[in-house]
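Novice: Kindly generate the corresponding structure for this input.
(chains A and B)
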Amino acid sequence: MLSIKNLKASIEDGTQILKGINLEVKPGEVHAIMGPNGSGKSTLSKVIAGHPAYTVNDGVVELDGKNLLDMEICERANSGLFISTQYPTEIPGVNNVEFLQMALNSKRNFLGLPEMSDADFKKLCEEKMQLLEMDDRYRDRGVNEGYSGGEKKRNEILQMAILDPKVSFLDETDSGLDIDALRIVANGINHIMSPEKAVILVTHYQRLLDYIKPTYVHVLRHGKIILSGGPELALKLEEQGYDWIEEK
Amino acid sequence: MSYMNSELAQAAQARINALGMPKRNNELWSFFPVNKIPSVVDADSTAAGAAADSAAVECADFGIAAETDIAALLPIAKSAPAMKKDFAAGETEMGLIKSRDDFGHSIFNIGKNAKVSLEILDNKVEHEIAAERFDINVEEGAELEIFFANPANELPLQFRHFVIKQAANSTVHFSNILQDAGIGRISIDVDLNGEGANFDYRSLSVLKGSASKHQRLTIRHNAPNTVSSQFARNLLDEKSYVSYDGSVIVGNGCSQVNSSQLVNSILLGDESSVSVKPVLKIYHDDVECTHGNTCGELDADQMFYLTSRGIPAETAKKMLMKSFAKELFLPLNDGPAKKRLLQVLASL
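Specialist: Below is the predicted model:
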């Protein structure tokens, strides 16, 4: 489904952040990526999405056999990629619900489907907001404008629920969430997840993985995946940290 | 009232002749492409010169003798028929203003506690320049909203000059959207003469091509507890240009004056540019006056966020431009101005 081969990327000053990432994600799988700060986890999601601050130096990223790196940012999203960044951007003046409707209809246009009517969108939006226990305050505000850290993360999952992507890359979705919000957000992700979809979670803590069971856990360090394993790896990392891992 | 061949028109032309064609070293015109001003402005008249002294005294209301801005004089000098309208005390009214010719002069008196909304429409121009003047007297407690947001026109050169005098506790909300292709200049002289008077200016320029818009404001706080705010935003593409020249003068003894000026510009084109000149002349201590100016591009993180949700870059750009612009007018009270301005924004 998502295939990342030898992905290398650098920032403007030439510093290479990703030094050859390889990752295969199949439908129905949940991959957790863990690693120390500054190892390249956030960069990975942004590079896949096409953030202009990064230059891809080598590698291929395919979604269902199509190279995402050849696509515009919006085409990657409309092809089924969703990324949630660690610090969702605030956009004052752009209404949250109107933005969501615009995004959904952009995807439908891309897929050759008719735009969703206002009434149908309203219904869909209400249903997903209910799932995430979100109140009407989210409707009238600008995108992430004045939201708390937790509210922003919840809003990200609302977008994921509405856009219904094939692969979701969620960067530290658990940061800034209190215990109840963590449960609600995790339940939302589980609800959206299906055997046809895949999720990549970037996290520092086991607590998110208590709610969302990973198929694989990977350790990313110095721009490379240096270790992969099953769910038990996350528990070991929680207990022992990263120092015991030897880099090849 | 008509100025046709009147002493008033002659006095105005004489004053123009005395001032001479604007030059870039004149600070009223320092940002303006003065070489684009057509010769019709400079049409000398011996008769006008002869009549100047006596006419200037008779027409003291328009301050012709002391006027230094030819944009204020042109509509009178070119024999424009003036339109005068008095709004009675306590009256609530809205209206549309449209000059009948290239040159127009409108005089409004807004009576005590009246509440008036005026929209200025573009006049149909036959010649190479259009110039209008508006003299507005706002009496005690009156509230005026004045605005224009006309569809982009092809006027080569357009001047609009406003003389606004405000009495105590009066409020003026002045808003505009400028999107014309040619060269435009808006000059506004405001006198806040009574305690508690409030002048609020909001302007949006959305320009492309080689359009250029020039705003010159002089706001005189002549009484204590007066408030003025200037807020301009510019979205400039291709080779377009905006200049903003805003002066605030706080008179001696005018305590508790509050004045702000903020200009935010987004340069969308590699060759677009903006010049901003704030001037603060403060002759009293107990006042709060601020000014600020920012200039940059569309926020790259916001662009990325929108496009990463599948919204095409061009659409995302428009969304951000509109949100940038909308913030300017959202604080306006609900009324014809806000409705019209937001309507125009939606269609950009």
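Novice: Which pLDDT value goes with the closest residue to chain A within chain B?
Specialist: Nearest residue of chain B to chain A: B:S323, at 2.8 Å (C-beta to the nearest C-beta). For glycine as for every other residue, the C-beta is placed from the backbone atoms N, C-alpha and C. You'll see B:S323 listed with a pLDDT of 91.
Novice: Just give the nearest non-adjacent residue to the residue of chain A at minimum distance from chain B, would you?
Specialist: At 2.8 Å from chain B, A:G93 is the closest residue in chain A, using C-beta to the nearest C-beta. Beyond its immediate neighbours in the sequence, the residue positioned closest to A:G93 (C-beta to C-beta, 6 or more residues apart in numbering or on different chains) is B:S323, lying 2.8 Å away.
Novice: Can you report how many residues lie near the one you found?
Specialist: Each residue near B:S323 was counted by other C-beta atoms under 10 Å in any protein chain shown, and the total is 20.
Novice: shouldn't it be in contact with A:I91?
Specialist: Yes - checked against C-beta atoms under 8 Å, the pair B:S323 and A:I91 is within contact range at 6.6 Å.
Novice: picking up where we left off before, what distance do you get for the residue of chain B closest to chain A to B:T92?
Specialist: Using C-beta to C-beta, to the nearest Å, B:S323 is found at 32 Å from B:T92.
Novice: Strands of the stretch 51-200 of chain B, start to end?
Specialist: Along the stretch 51-200 of chain B, counting by DSSP state E, counting those that start in this stretch, strands occupy B:82-87, B:92-97, B:103-110, B:115-120, B:130-138, B:143-148, B:157-166, B:171-178, B:183-192, B:198-207.
Novice: Which elements pack onto the fifth one?
Specialist: Contact here means 3 or more C-beta pairs under 8 Å, 6 or more residues apart in numbering or on different chains; DSSP states H and E; on that basis strand B:130-138 packs against helix B:70-77, strand B:103-110, strand B:143-148, strand B:157-166.
Novice: tell me the contacts of A:E156?
Specialist: Contact analysis of A:E156 by C-beta atoms under 8 Å, 6 or more residues apart in numbering or on different chains lists A:84, A:88, A:170, A:173.
Novice: quick one, phi psi at the third one?
Specialist: Dihedral angles of A:L170 (phi, psi; degrees, to the nearest 10) stand at phi -110, psi 110.
Novice: One more: the second one?
Specialist: In this entry, A:P88 is assigned phi and psi values of phi -60, psi 140 (degrees, to the nearest 10).
Novice: wait, doesn't it sit right on A:N144?
Specialist: Yes - shown here, A:P88 and A:N144 form a contact pair, counting by C-beta under 8 Å, at 5.0 Å.
Novice: what's the overlap in contacts for these two?
Specialist: Counting by C-beta under 8 Å, 6+ apart, the residues touching both A:P88 and A:N144 are A:152, A:155.
Novice: next helix or strand past the longest helix along chain B?
Specialist: Ordering each helix of chain B by length in residues (DSSP state H) puts helix B:313-329 first. Scanning forward in sequence from helix B:313-329 by DSSP states H and E, the next helix or strand is helix B:336-346.
Novice: what comes up buried for that following helix?
Specialist: Residues B:337-338, B:340-342, B:344-345 are the ones in helix B:336-346 that count as buried (16 or more other C-beta atoms under 10 Å in any protein chain shown).
Novice: outside of the worst-scoring helix or strand of chain A on mean pLDDT, which residues touch it?
Specialist: For chain A, using mean pLDDT, DSSP states H and E, the weakest element among its helices and strands is helix A:137-140, scoring a mean of 78. With contacts defined as C-beta under 8 Å, 6+ apart, helix A:137-140 is touched by A:95-97, A:129, A:151, A:155, A:158.
Novice: and the least confident of the residues you listed?
Specialist: On pLDDT alone, A:E151 ranks lowest of the contacts of helix A:137-140, at 84.
Novice: which ones are touching the residue nearest to B:A346 when sequence neighbours are not counted?
Specialist: Once flanking residues are discounted, B:A346 sits nearest to B:K322: 7.5 Å by C-beta to C-beta, 6+ apart. Neighbouring residues of B:K322 by C-beta under 8 Å, 6+ apart: A:93, B:345-346, B:348.
Novice: hmm, 10 Å instead?
Specialist: A:93-94, B:206, B:235, B:342, B:345-346, B:348 (C-beta atoms under 10 Å, 6 or more residues apart in numbering or on different chains).
Novice: any idea how far B:G182 is from it?
Specialist: 24 Å.
Novice: ok, what's across the strand from residue 229?
Specialist: This is for chain A. Beta-bridge partners for A:G229, by DSSP bridges, are A:V217.
Novice: hm, I was asking about chain B
Specialist: B:S229 has these beta-bridge partners by DSSP bridges: B:D200, B:S260.
Novice: got a list of what the closest residue in space to B:P312 that isn't next to it in sequence touches?
Specialist: Sequence neighbours aside, A:C74 is the residue nearest to B:P312 in space, at 5.0 Å (criterion: C-beta to C-beta, 6+ apart). By C-beta under 10 Å, 6+ apart, A:C74 lies in contact with A:50, A:103, A:106-107, A:110, B:306-316.
Novice: repeat for B:G63
Specialist: Residues in contact with B:G63 (C-beta under 10 Å, 6+ apart) are B:15, B:56, B:72-73, B:135, B:163, B:189.
Novice: Return the distance of it relative to B:L157.
Specialist: To B:L157, B:G63 is 24 Å away according to C-beta to C-beta.
Novice: Quickly find the element holding A:S39.
Specialist: A:S39 belongs to no helix or strand, assigned by DSSP H and E.
Novice: Would you check the distance separating the helix or strand hosting A:L7 from the middle of the chain?
Specialist: For A:L7, the element it lies in under DSSP H and E is strand A:2-10. Its chain's C-alpha centre and that of strand A:2-10 lie 16 Å apart, by C-alpha atoms, centre = their mean, to the nearest Å.
Novice: which parts of the helix or strand just after it are buried?
Specialist: Using DSSP H and E, the helix or strand that directly follows strand A:2-10 along the chain is strand A:16-25. Of all the residues in strand A:16-25, those buried under the rule 16+ other C-beta under 10 Å are A:17-19, A:21, A:23, A:25.
Novice: Ok, stretch B:234-254 next?
Specialist: B:234-237, B:239-251, B:254.
Novice: Kindly report the same for stretch B:62-80.
Specialist: For stretch B:62-80, a neighbour-count test (16+ other C-beta under 10 Å) marks B:62-65, B:67, B:69-80 as buried.
Novice: then that stretch to CSV, C-alphas only?
Specialist: Only the C-alpha atoms of stretch B:62-80 are listed here, as CSV (Å, rounded to 0.1, in the frame of the first residue of the first chain):
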residue,chain,number,x,y,z
PHE,B,62,-13.4,75.2,1.3
GLY,B,63,-10.1,76.5,2.5
ILE,B,64,-9.0,77.2,-1.1
ALA,B,65,-6.5,79.9,-0.2
ALA,B,66,-4.6,77.7,2.1
GLU,B,67,-5.0,74.4,0.3
THR,B,68,-1.8,72.8,-0.8
ASP,B,69,-3.1,69.6,-2.4
ILE,B,70,-4.3,70.1,-6.0
ALA,B,71,-6.5,67.0,-5.7
ALA,B,72,-8.7,69.1,-3.3
LEU,B,73,-8.8,72.0,-5.8
LEU,B,74,-9.4,70.2,-9.1
PRO,B,75,-13.1,69.2,-8.6
ILE,B,76,-13.9,72.8,-7.9
ALA,B,77,-11.6,74.4,-10.5
LYS,B,78,-13.0,72.2,-13.3
SER,B,79,-16.5,73.7,-12.8
ALA,B,80,-18.0,70.6,-11.4
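Novice: So, low pLDDT: which residues of the chain?
Specialist: Using chain A. Residues of chain A meeting the criterion pLDDT under 70: A:246-248.
Novice: you looked at the wrong chain, it should be chain B
Specialist: The model of chain B has pLDDT under 70 over residues B:1-5, B:40-61, B:79-81, B:124-127.
Novice: For it, what lies in contact range of chain A?
Specialist: Contact residues, chain B versus chain A (C-beta under 10 Å from any C-beta of the partner chain): B:299-316, B:319-328, B:330.
Novice: same thing but 7 Å
Specialist: By the rule C-beta under 7 Å from any C-beta of the partner chain, the part of chain B lying against chain A is B:300-302, B:304-305, B:307-313, B:319, B:323-324, B:326-327.
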